[in-house]
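In: need the 3D shape of this:
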Amino acid sequence: MNIHFIAIGGSAMHNLALSLSQKKNIVISGSDDAIFEPSKTRLSEAGLLPEKEGWFEEKINSDLDAVILGMHAKKDNPELIKSKALGIKIYSYPEFLFEYSKNKTRVVVGGSHGKTSTTSMLVHSLAFSEINFDFMVGAQLEGYGNTVKLSEDSEWAVFEGDEYLSSPIDLRPKFHLYRANVAILTGMAWDHINVFPTKESYNNAFKDFIKSMEPGGTLIYNSEDIELKELVLEDNSPIRKIPYQTPDYRIENSKWIWCTPFGDLDLNFIGKHNLSNAEGARWLAQEMGVQADDFYDAISSFKGADRRMQLLHKGDKRLVHLDFAHAPSKVKATVQAYIETYSDKIKVGVLELHTFSSLNSNYISSYQGILDNLDKAFVFFDPHAVAMKNLPELRRKVVEEAFGQKIVVITDIEDLRDNLEVLPISCNLLIMSSGNLGGFDIMNFSKKWVS
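Out: Purely as a prediction, here's the structure:
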């Protein structure tokens, strides 16, 4: 097969391209108008990096068996237009994953938050139990060179299920397309207002996901999320439904301990939300044949996914964590975990507003009081990012009033650096961002900062 990727540089897209390129019978090509690290280096090392950035009609010809279209491309993309004209089969990313795995048992991890962590925990436990499975997860995992694995001989396929749109020409939420046999919903909190302008429209995406599941399937859901619980119980699809909730735990010397039926289990991750994710992963693993005691053995060595409460650096009196949190529900859970874990320390938070929703003045009030319990809180946004998303100018005063507390709003990265440099010698720093903090080199800064 000859497969061409339109927008090959995306995080998910380039990982899929790398996975397929390792198969003897598949030849990969691709294009993109902007490719950043680490995609650029990884594609280059695999011989898949386009010679030039941009879109080129001549790359599309009748020798292609399929085109995979990424969300970064636009409807008027010249390669997409030519692909349509030639009648080449065009797949969205999730559509291709379904086609590849339609004869496998598909396990889908959905929810407004916790998808990547739950999927990562499940993948870790399955590998520990030596179960053969395919997967797609949204973050780099320790011990895995790629975030996508597709094989011919596995019975199972585990997919992180995003509710965002599938492609520029396929406006269905991604997780609908997998037609799950087994699924989990970790929670439901309105997000992506550029796609779901009302809370009802967002909730409907979850209703339709349940309806998209294969008859006779199994849905595991977080019963502590009241709205989600009501939505699940109102559904009459012919599937089995299993509720779960956060298990018992305690914290000793900043260490989280899971109180399991087999005894206390020391964890290498923190947060009540992550314990909830772990319990959900345990139920999924059980559906896939992993016994409870084997799951607990596996999860004791799980160190977390990239940028999910990731400990960047630790010094004698300071440490820095990095988290992907950006939506209000995610930020709330992350901050609460930090406060519980380091109750005796000075806790400082930095939150970057980067997504379309978080930079929208009509949505930003959702962050009301969310950073209240930190000892000091900075909220950073890049005015250029606001302009690039074609949003109205966002004023500092609007952000300050939306958060409803004494926060420091910063729009210049050097100003942020200066503020962090003068923090107390003994304190912990939590950085929350789904962007890149205006190009701020977090790794090098945190290494110097803790020392």
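In: low-confidence ranges, the stretch 351-451 of the chain, go.
Out: Scanning the stretch 351-451 of the chain for pLDDT under 70 picks out nothing.
In: the helices in it, which residues?
Out: In the stretch 351-451 of the chain, the helices defined using DSSP state H, counting those that start in this stretch lie at 383-388, 396-403, 413-421, 442-450.
In: ok, which of the ones you listed comes nearest Pro243?
Out: Closest approach to Pro243 among the helices of the stretch 351-451 of the chain (C-beta to C-beta): helix 396-403, 33.4 Å. Bear in mind the C-beta positions are built from the backbone N, C-alpha and C, glycine included.
In: can you pull the buried residues of that closest one?
Out: Residues of helix 396-403 classed as buried: 399, 402-403 (neighbour count, 16 or more other C-beta atoms under 10 Å).
In: related to what we said a few turns ago, switch the helices of the stretch 351-451 of the chain over to a markdown table; also include distance to Gln245.
Out: Shown next, in a markdown table, are these (distance: least, C-beta to C-beta, whole Å):
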| stretch | distance to Gln245 |
| --- | --- |
| helix 383-388 | 37 |
| helix 396-403 | 30 |
| helix 413-421 | 37 |
| helix 442-450 | 34 |
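In: closest to Pro50 out of those helices?
Out: helix 383-388 (22.7 Å).
In: what packs against the closest one?
Out: Here helix 383-388 touches no other helix or strand, going by 3 or more C-beta pairs under 8 Å, 6 or more residues apart in numbering; DSSP states H and E.
In: check the spacing between Lys376 and Asp191 real quick.
Out: Using C-beta to C-beta, to the nearest Å, Lys376 is found at 27 Å from Asp191.
In: higher neighbour count, those two?
Out: Asp191 (25 against 19; other C-beta atoms under 10 Å).
In: and the pLDDT for that one?
Out: Note for Asp191: predicted pLDDT of 86.
In: ok, and the closest non-adjacent residue to it?
Out: The shortest distance from Asp191 to any non-neighbouring residue, by C-beta to C-beta, 6 or more residues apart in numbering, is to Ala327 (4.8 Å).
In: count of neighbours near the one you found?
Out: With other C-beta under 10 Å as criterion, Ala327 counts 21.
In: from Gly187, how far off is it?
Out: To Gly187, Ala327 is 11 Å away according to C-beta to C-beta.
In: hey, what's in contact with both of these two?
Out: Listed as contacting both Ala327 and Gly187 by C-beta atoms under 8 Å, 6 or more residues apart in numbering are 112-113.
In: check whether Asn42 sits in a helix, strand or coil.
Out: Just so we're on the same page, residue 42 is Arg rather than Asn. Three-state call for Arg42 (DSSP: H, G, I helix; E, B strand; the rest coil): helix.
In: and the regular element (helix or strand) spanning Gln286, what other elements does it pack with?
Out: Gln286 is located in helix 272-287, with elements delineated by DSSP states H and E. Using 3+ C-beta pairs under 8 Å, 6+ apart, the elements in contact with helix 272-287 are strand 105-110, helix 115-128, strand 182-185, strand 218-222, strand 240-244, strand 255-260, helix 292-299, helix 328-341.
In: can you tell me the closest non-neighbouring residue to Glu214?
Out: Glu214 sits nearest to Asn181 (C-beta to C-beta, 6+ apart), 5.0 Å away.
In: no no, Tyr144
Out: Leaving out its chain neighbours, the residue that sits closest to Tyr144 by C-beta to C-beta, 6+ apart is Val123, at 7.9 Å.
In: tell me how many other residues surround that neighbour.
Out: Neighbours of Val123 (other C-beta under 10 Å): 26.
In: turn the helices and strands packed on helix 272-287 into a markdown table, including mean pLDDT and distance to Lys24.
Out: Conversion of these to a markdown table gives the following (pLDDT from 0 to 100; distance: least, C-beta to C-beta, whole Å):
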| stretch | mean pLDDT | distance to Lys24 |
| --- | --- | --- |
| strand 105-110 | 98 | 25 |
| helix 115-128 | 95 | 24 |
| strand 182-185 | 98 | 31 |
| strand 218-222 | 98 | 35 |
| strand 240-244 | 98 | 40 |
| strand 255-260 | 96 | 44 |
| helix 292-299 | 96 | 32 |
| helix 328-341 | 92 | 41 |
